[in-house]
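Colleague: what's the 3D shape of this:
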Amino acid sequence: MIIHLVRHAHAGSRSAWRGDDALRPLSEKGRAQAVAIAGALAPNLGDPSAATGSHGSVLLWSSPYLRCVQTLEPLAERFGSKVSSVDELVEGTSGRAALDHLLAAAEAASVVVACSHGDVIPAVLSTALGRGATLDGELSPRKAARYVIQVDHGAVTHITHVPRPEV
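Modeller: Numbering: from 1, shown residues only. Prediction:
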């Protein structure tokens, strides 16, 4: 079982955005990063007809924040699927709650691709490390970076950091 945990792509400055931060979209750079993420992930996810937003062998999950959903949309388009919003991936969620939700999902799918935020992802990883997982790479994800999380019998065994794509 594999979970690909992606930090949302570049979305400009939080302080420069006027309006609800949940509605802050990807920047032009972020859109290019999202396409690059899809290109990197798609070959590793198997048959595109198997992907679904909520059921099937590949789950595409995201924080409901627009920038997270937009980060996975190019991948969803390749699979003819939709990105499902998951509240357990929103900013401020505890690492334990997010990880437990991802692990429960991983039992029903062969692959989970999830997009979240810069506070949630390190919390998820720290929780997994506290439960005995090992990590290759850095713990602080940059925007558009991802982690490949190996799951065996409901527990995270190993995590590999994948740097953000250069665009």
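Colleague: where in this structure is pLDDT low?
Modeller: Regions of the chain meeting the criterion pLDDT under 70 cover residues 47-56.
Colleague: now do the strands in it.
Modeller: In the chain, the segments counted as strands under DSSP state E are 2-7, 51-52, 58-62, 84-85, 111-116, 134-136, 146-152, 155-162.
Colleague: can I get the ones you listed in CSV including mean neighbour count and distance to Ala16?
Modeller: Every C-beta, even on glycine, is put in place using the N, C-alpha and C of the backbone. CSV is the format used below for the strands of the chain (neighbours: other CB atoms under 10 Å; distance: least, CB to CB, whole Å):
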stretch, mean neighbour count, distance to Ala16
strand 2-7, 24, 19
strand 51-52, 21, 35
strand 58-62, 26, 23
strand 84-85, 17, 25
strand 111-116, 27, 22
strand 134-136, 13, 33
strand 146-152, 19, 25
strand 155-162, 17, 28
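Colleague: which among those strands is found nearest to Val35?
Modeller: Nearest of the strands of the chain to Val35, taken as CB to CB: strand 2-7 at 13.1 Å.
Colleague: centroid-wise, who is the farthest residue in the protein?
Modeller: Computed with CA atoms, centre = their mean, the residue of the chain farthest from its C-alpha average is Arg18, at 25.4 Å.
Colleague: quick check: the gap between that one and Gly12.
Modeller: 11 Å (CB to CB, to the nearest Å).
Colleague: same question for Ala123.
Modeller: With CB to CB as the criterion, Ala123 and Gly12 are 24 Å apart.
Colleague: same check on Leu99?
Modeller: From Leu99 to Gly12 the distance is 29 Å (CB to CB).
Colleague: isn't Ser94 up against Ser126?
Modeller: No. Using CB atoms under 8 Å, Ser94 is not in contact with Ser126, being 10.5 Å away.
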